[in-house]
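> My questions concern the predicted model and sequence given below.
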Amino acid sequence: MPEPAVPEAATPQTDASWLTDDEQAAWRAYLRGSRLLEFVLDAELQRAGMSLAEYELLSMLSEAPGHVMRMSRLADLTVQSRSRVTHSATRLERRGWVERRKAVDDGRGIELKLTDEGWAAVQDAARVHVASVQNHLIRQMDPQLFASLGEAMSSVRDHLLGVHYNP
């Protein structure tokens, strides 16, 4: 599958509307907050022995039937490039947490299978990850605001999947 299409930059116009002060403040808060959150979640998982990107791959495998998934599907679900997934898979394979194999259904693609050691690792890391998400995100806002955040990001995701990214 092709990489996500990056939309062309908006053409500057003389009548271009700028972000209002409130929009700019909200946008910058989102940008910095999301980057800091990802940084902290990754750092805490690193202390548990894996990166956030590796945890995301392992958790997707842990939820898949038979703990197996095509690498191309993993790339789509995690919104990572195929080469990044390949590099992560190599690191995870060296640790004995995944095995690569030809796709059972057609033999053309490559699948990753979570090993028993990988299952144990993702279960251990999940405790760290869940505590981090609860501490650094969920508990920082009231439940209604968190639900609104989920709805807002679902709208953004659905827009981008429909317009710029078709896995």
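Thanks, I have it. Residues are numbered from 1 along each chain as shown.
> got the end-to-end distance for stretch 41-61?
This stretch, stretch 41-61, spans 19 Å end to end (Cα to Cα, to the nearest Å).
> Please apply the same query to stretch 62-82.
19 Å.
> in it, what's buried?
64, 67-78, 80 (16 or more other Cβ atoms under 10 Å). C-beta here means a position set from N, CA and C on the backbone, and glycine is covered the same way.
> Among those residues, name the ones in helices.
Of the positions in the buried residues of stretch 62-82, 71-78 sit in helices, assigned by DSSP state H.
> for the most centrally placed residue in the chain, what are its contacts?
Nearest residue to the geometric centre of the chain (Cα atoms, centre = their mean): T78, 4.1 Å. Taking Cβ atoms under 8 Å, 6 or more residues apart in numbering, we find T78 in contact with 53, 56-57, 60, 85.
> Most neighbours among those, which one?
When neighbours are counted by other Cβ atoms under 10 Å, L57 leads the contacts of T78 with 31 neighbours.
> I figured that one hits L112, correct?
Yes: applying Cβ atoms under 8 Å, one finds L57 in contact with L112, separated by 7.5 Å.
> what's the overlap in contacts for these two?
74, 89, 92, 98.
> ok, the first one to Q134 distance?
Shown here: L74 relative to Q134, a distance of 25 Å by Cβ to Cβ, to the nearest Å.
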